[in-house]
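Q: Please find the sequence and the predicted model below.
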Amino acid sequence: MSCLALPAPAPPKRPETVEAKRQREAVAELDNWDEPTFARARATLERHFPAAAEYVFANLQAASGSAAVKSVATFLARLGALEAGSDPARADSRADDKNAVALLEKRGITAAERQRVHQLVELALAPTGLVDAPPGADPTERRAKLVALKAWYSEWAETARALVKKRAHLIRLGLATRRASQPSAEGAAGGEPA
């Protein structure tokens, strides 16, 4: 059995940081939150405030996984713009926009809920801390193992180069590379001879 046929060992499982676990849980919660909330908000706005529905849901759909974080962040930002009246393109509909947000408040998408979800978005987008090295991992021991591996590889490669004479076999072993093809003398001269 050749060494190439052996399966690669599974990488050691690294311990998960508390921040990474909380971040993963936040993404999962946002993924579960967006679909029913978007459906309720879209139905309410389309019936009572169609222009606000068009503004909030323009190119916006519920998504899965980490894409849900972006969708929810966009949804919250657009509701915030409606509530604050901060979008100059909607200056003529500020009163309706505030009423649309007030109606969503009555339907359960309250300011407190939006704030809670906004904190989940921030958590999901936050960087996580570095994982510490597993206990007992000695960098000098790892370096010694790598040096021993390099020595073994060097011995193997030199032995293979000495015993394997066929270039095609050396290429398959990764000990040689294919030569670049050279242009023919006629092709380099610019065409056919006269």
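A: Yep, that arrived.
Q: In terms of pLDDT, where does the residue most central in space within the chain sit?
A: What sits nearest the mean C-alpha location of the chain, by C-alpha atoms, centre = their mean, is S66, with 7.4 Å. Confidence at S66, expressed as pLDDT, is 87.
Q: For it, which non-adjacent residue is spatially closest?
A: Closest residue in space to S66, ignoring its immediate chain neighbours: V27 at 5.7 Å, by C-beta to C-beta, 6 or more residues apart in numbering. Heads up, the C-betas are built off the backbone N, CA and C, glycines and all.
Q: neighbouring contacts of stretch 102-114?
A: 37, 40-41, 44-45, 48-49, 76, 79-80 (C-beta atoms under 8 Å, 6 or more residues apart in numbering).
Q: Got a ChimeraX select line for the buried ones in the residues you listed?
A: Buried residues among the contacts of stretch 102-114 (16 or more other C-beta atoms under 10 Å), as a ChimeraX selection:
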select :37,41,44,45,49,76,79
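Q: Take the contacts of stretch 102-114 and lay them out in JSON lines including distance to K145, secondary structure and pLDDT.
A: Output for those, formatted as JSON lines (distance: C-beta to C-beta, whole Å; DSSP: H, G, I helix; E, B strand; the rest coil; pLDDT from 0 to 100):
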{"residue": "T37", "distance to K145": "52", "secondary structure": "helix", "pLDDT": "94"}
{"residue": "R40", "distance to K145": "58", "secondary structure": "helix", "pLDDT": "94"}
{"residue": "A41", "distance to K145": "57", "secondary structure": "helix", "pLDDT": "95"}
{"residue": "T44", "distance to K145": "62", "secondary structure": "helix", "pLDDT": "94"}
{"residue": "L45", "distance to K145": "62", "secondary structure": "helix", "pLDDT": "94"}
{"residue": "H48", "distance to K145": "68", "secondary structure": "helix", "pLDDT": "95"}
{"residue": "F49", "distance to K145": "66", "secondary structure": "coil", "pLDDT": "94"}
{"residue": "L76", "distance to K145": "50", "secondary structure": "helix", "pLDDT": "95"}
{"residue": "L79", "distance to K145": "56", "secondary structure": "helix", "pLDDT": "94"}
{"residue": "G80", "distance to K145": "54", "secondary structure": "helix", "pLDDT": "93"}
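Q: which one of the contacts of stretch 102-114 is nearest Q115?
A: Using C-beta to C-beta, L76 comes nearest to Q115 of the contacts of stretch 102-114, at 9.2 Å.
Q: ok, the closest one touching L120?
A: No: using C-beta atoms under 8 Å, L76 is not in contact with L120; the gap is 10.1 Å.
Q: can you map out the helices along this structure?
A: With DSSP state H, the ranges of helices along the chain come out as 18-48, 50-56, 67-84, 94-106, 111-125, 139-163, 167-173, 185-189.
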